[in-house]
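**Q** A predicted structure for the sequence below; I have some questions about it.
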Amino acid sequence: PPEERAKFYRETRRPDGSLLREYEIFAVDREIEIAPGMFFPAWTFNGQVPGPTIRATEGDRVKVTFRNLGTHPHTIHFHGWHPPEMDGGLPGQEVEPGATFVYEFDAEPFGVHLYHCHTVPLKRHIHKGLYGAFIIDPRDPRPAADEMVMVMNAFDTNFDAENEVYAANTVANAYMPDPIRVTVGRPVRIYLINVTEFDLINSLHLHGMFFDVFRTGTMRTPSEHTDTLMLCQGERAIVETTFRYPGDFMFHAHQSEFAELGWMGLF
Ligand code: CU
Ligand code: CU
């Protein structure tokens with residue numbers, strides 16, 4: 001809701017026509033539901049996993065006030081251009097519990113990026129849930145489409161450094177009983193991000209159709225036309241397609257193990 005959004009986001013027009021986009025992000029420990037009745041003791045940005053999507057247009061100024069309300073030191077490390085002082089991954093840049101840090105940089109390049117905590121042990125801080133999408137739109141906008149962010153993630157529920165639950169957007173199998181609604185003939189754009197910890201790769205496979213792939217979203221022409229896309233941890237891509245037929249279209253990781261542990265859904 002807009003009034004809720006206004007608490008954490010403000011935009012101001014600058015003399016050159018671009019925007020200053022100010023975000024309030026806080027880290028907080030919170031239990032989240034990753035499957036019906038299954039809870040995970042997450043570390044979150046703004047109480048949710050993935051964290052809120054940060055979105056800007058190429059050339060905007062992004063200013064993120066980060067408050068650490070958690071019980072461990074954390075940071076926000078953004079992918080994209082920025083000076084080292086804004087990196088959040090270098091030694092000494094940890095934000096202690098109770099402390100605040102302001103990250104500020106120009107939004108470039110356009111594409112689908114990522115932000116995440118970069119405190120050691122990194123695999124634990126990322127796996128616990130401290131990540132989100134960072135989308136930079138090109139100045140010359142992409143064609144109209146129905147859009148969604150799809151974060152491929154997983155959870156190690158018994159802390160043995162292997163995942164027990166896999167998902168698209170945190171909740172295992174969530175889109176099976178409640179499919180993602182799309183419209184025949186209308187373009188669909190998915191901002192796909194892989195943040196799965198402990199497994200080197202993850203993938204998206206879509207039944208009954210093919211899609212265009214824009215790796216990292218940084219080029220305007222697709223580099224692949226496929227039905228299966230593999231991404232390393234931290235890799236992203238924009239996936240575009242248009243549904244031809246009404247009905248159910250399954251999507252899932254093509255690693256059968258991941259699919260059977262929750263990474264499966266329906267359009
Ligand atoms: Cu952290
Ligand atoms: Cu990263």
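**A** Done, it's in. Ligands and ions are numbered 1, 2, ... in the order given.
**Q** And the residue nearest to Q93 when sequence neighbours are not counted, how far from ligand 1?
**A** Nearest non-adjacent residue to Q93, counting by CB to CB, 6 or more residues apart in numbering: T75, 5.7 Å away. To be clear about C-beta, it is placed using only N, CA and C from the backbone, and glycine gets the same treatment. Distance of T75 to ligand 1, computed by CB to the ion, to the nearest Å: 7 Å.
**Q** Assess the claim that T75 and P91 are in contact.
**A** No - the pair T75 and P91 fails to qualify as a contact (CB atoms under 8 Å) at a distance of 11.1 Å.
**Q** These two - which one has more neighbours?
**A** T75 (23 against 6; other CB atoms under 10 Å).
**Q** got a list of what the more buried one touches?
**A** Counting by CB atoms under 8 Å, 6 or more residues apart in numbering, T75 touches F66, G88, G89, Q93, E94, V95, F101, C117, H118, T119.
**Q** A259 sits in which helix or strand?
**A** Using DSSP states H and E, A259 sits within helix 256-260.
**Q** Would you mind measuring from the residue nearest to Q93 to I25?
**A** Counting by CB to CB, to the nearest Å, the gap from T75 to I25 is 11 Å.
**Q** helices or strands up against the helix or strand that comes right after the helix holding A259?
**A** Once the chain leaves helix 256-260, the next helix or strand it forms, by DSSP H and E, is strand 264-266. When contacts are defined as 3 or more CB pairs under 8 Å, 6 or more residues apart in numbering; DSSP states H and E, strand 264-266 packs onto strand 250-252.
**Q** interface residues of the protein facing ligand 1?
**A** Neighbours of ligand 1 within the chain, by CB under 5 Å from the ion: H74, C117, T119, H125.
**Q** Among the residues you listed, which pair sits farthest apart?
**A** Longest distance between any two of the residues of the chain next to ligand 1 is 6.7 Å, between H74 and H125; criterion CB to CB.
**Q** More neighbours: which of the two?
**A** H74 (28 against 22).
**Q** Mind jotting down where the helices sit in the stretch 101-250 of the chain?
**A** Here the stretch 101-250 of the chain has its helices, by DSSP state H, counting those that start in this stretch, at 122-127.
**Q** in it, which segments are predicted with low confidence?
**A** Of all residues in the stretch 101-250 of the chain, none has pLDDT under 70.
**Q** try 90
**A** Within the stretch 101-250 of the chain, the segments meeting pLDDT under 90 span 123.
**Q** Next one: V102 from I136, what distance?
**A** 19 Å.
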